[in-house]
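Q: quick one, fold the following:
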Amino acid sequence: MNHNLKHRLDRLSRCAYRIRRYALRMGEVQGQGYIGQALGWADVLAVAYGHALNLRPGEPQWEGRDRFLLSHGHYAIAFYSALTEAGILAESELETYGGDDSRLPMSGMATYTPGMEISGGSLGQGLPIAVGMALALRHKGNPAFVYNSMSDGELDEGSTWEAAMSAAHHALGNLVCLIDVNNQQADGPSRQVLGFEPLADKWSAFGWHVQRVDGNDLPRVLEAFDIARHVGEPRPRVILFDTLMGKGVPFLEQREKNHFIRVDPPEWQKAIEILDQSQPPEEALP
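A: Take a look at the predicted model:
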């Protein structure tokens, strides 16, 4: 591994650590939340906001920005952590999470939060919106990319597949879909709710450039983002990320049902201590 790549991966690893820690701090404010997803998706968000996206933190509505759509609005706690890490939100706002008049509601809402492109949560809506955005940017001659972040539960929605077909039809080479394949929905394991495999073959058949990687393996995540950005043909790109919910906190990784979890008060600090212990001493935060 060359020196520059090692330095980049070290930086992104610290970024993912802070994203997980921010999410736990917000979860402690409410005593519950979609913490499993935040911990599992942190590595993907670290690479997105620490490497891939073209942004101006002090100018969230800059016309040249890459658009990042949070289709799965219940991942907001993870997304706010990434926005904080990127310098778009102030760390001091984390303590307001889910409160009255907060800019950080428990489900993502574009009218409240700088850097939030859409109000997600009605699953299956993000990718159709992303297709429209990508098509509009191309018509305007804007070179920005559109990234759509979505859950594997959204693969149950017909609107997702209609959008996938439309994106290929319009040869949207400026569209990247990021799918969290964590095999967990509110009603149980995703594959038991509605089987969606073989996923890679399905997306390929729809005309997309497809990658499938371990979403908690930072070198693979980094490589996948770079490949998606530089596909040498005009077609949409999808990255299927297999992730582990609760990643980084073993007692949360092992929770039998971790779609939406409540954590006993002492366990929040225990989880943070476990994260801190995984870092070099100088990286532990107050």
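
Q: buried stuff in stretch 140-160?
A: Buried residues in stretch 140-160, defined by neighbour count with 16 or more other Cβ atoms under 10 Å: 142, 144-157, 160. From N, CA and C alone the C-beta is placed, and that goes for glycine too.

Q: so which of those residues are in strands?
A: Members of the buried residues of stretch 140-160 lying in strands (criterion: DSSP state E): 146-151.

Q: now, which of the residues you listed sits nearest H230?
A: Using Cβ to Cβ, Y147 is the member of those that lies nearest H230, at 14.5 Å.

Q: dump the residue contacts of the closest one.
A: Applying Cβ atoms under 8 Å, 6 or more residues apart in numbering, we find Y147 in contact with 48, 52-53, 66-69, 130, 176-178.

Q: also W41?
A: By Cβ under 8 Å, 6+ apart, the contact list for W41 reads 75, 78, 149, 180, 215, 241, 243.

Q: give the buried residues for the helix or strand where it lies.
A: Per DSSP states H and E: W41 is located in helix 35-47. For helix 35-47, the neighbour count (16+ other Cβ under 10 Å) marks 35-47 as buried.

Q: V131 belongs to a strand?
A: No - counting by DSSP: H, G, I helix; E, B strand; the rest coil, V131 is not found in a strand; it is helix.

Q: run a quick neighbour tally on it.
A: 25 (other Cβ atoms under 10 Å).

Q: kindly report the same for L178.
A: If we define neighbours as other Cβ under 10 Å, then L178 has 27 of them.

Q: ok, and the closest non-adjacent residue to the residue nearest the centre of the chain?
A: Among the residues of the chain, L45 comes closest to the average C-alpha position under Cα atoms, centre = their mean, at 4.9 Å. Spatial nearest neighbour of L45, excluding adjacent residues (Cβ to Cβ, 6 or more residues apart in numbering): A82 at 4.1 Å.

Q: what sits against the one you found?
A: Contact partners of A82, counting by Cβ under 8 Å, 6+ apart, are 19, 45-46, 48-49.

Q: can you check M150 too?
A: Counting by Cβ under 8 Å, 6+ apart, M150 has contacts 71-72, 123, 126-127, 160, 177-180.

Q: again, 10 Å this time
A: 69-72, 75, 120, 123-127, 130, 157, 160, 177-180, 238 (Cβ atoms under 10 Å, 6 or more residues apart in numbering).

Q: which non-adjacent residue is nearest it?
A: Sequence neighbours aside, S71 is the residue nearest to M150 in space, at 4.1 Å (criterion: Cβ to Cβ, 6+ apart).

Q: just to check, the one you found is in contact with D152?
A: No - between S71 and D152 no contact is recorded; they are 11.6 Å apart, counting by Cβ atoms under 10 Å.

Q: state the pLDDT value of V213.
A: At V213, the pLDDT value in this model is 98.

Q: pretty sure it is in a strand, no?
A: Yes - assigned with three-state DSSP, V213 falls within a strand.

Q: coming back round to it: for the contacts of Y147, which one is nearest I227?
A: The closest of these, once distances to I227 are taken by Cβ to Cβ, is V176, at 10.2 Å.

Q: the closest one touches L240, doesn't it?
A: No - with contact defined as Cβ under 10 Å, V176 does not count as touching L240 (12.0 Å).

Q: and the strand or helix carrying A167 with strand 146-151, angle?
A: Assigned by DSSP H and E, A167 belongs to helix 158-169. Helix 158-169 and strand 146-151 meet at an angle of 150 degrees, taking axes from the mean of the first three to the mean of the last three Cα atoms, to 10 degrees as the criterion.

Q: helix 158-169 - contacts with which helices or strands?
A: Judged by 3 or more Cβ pairs under 10 Å, 6 or more residues apart in numbering; DSSP states H and E, helix 158-169 is in contact with helix 126-140, strand 146-151, strand 175-181, helix 199-205, strand 237-242.
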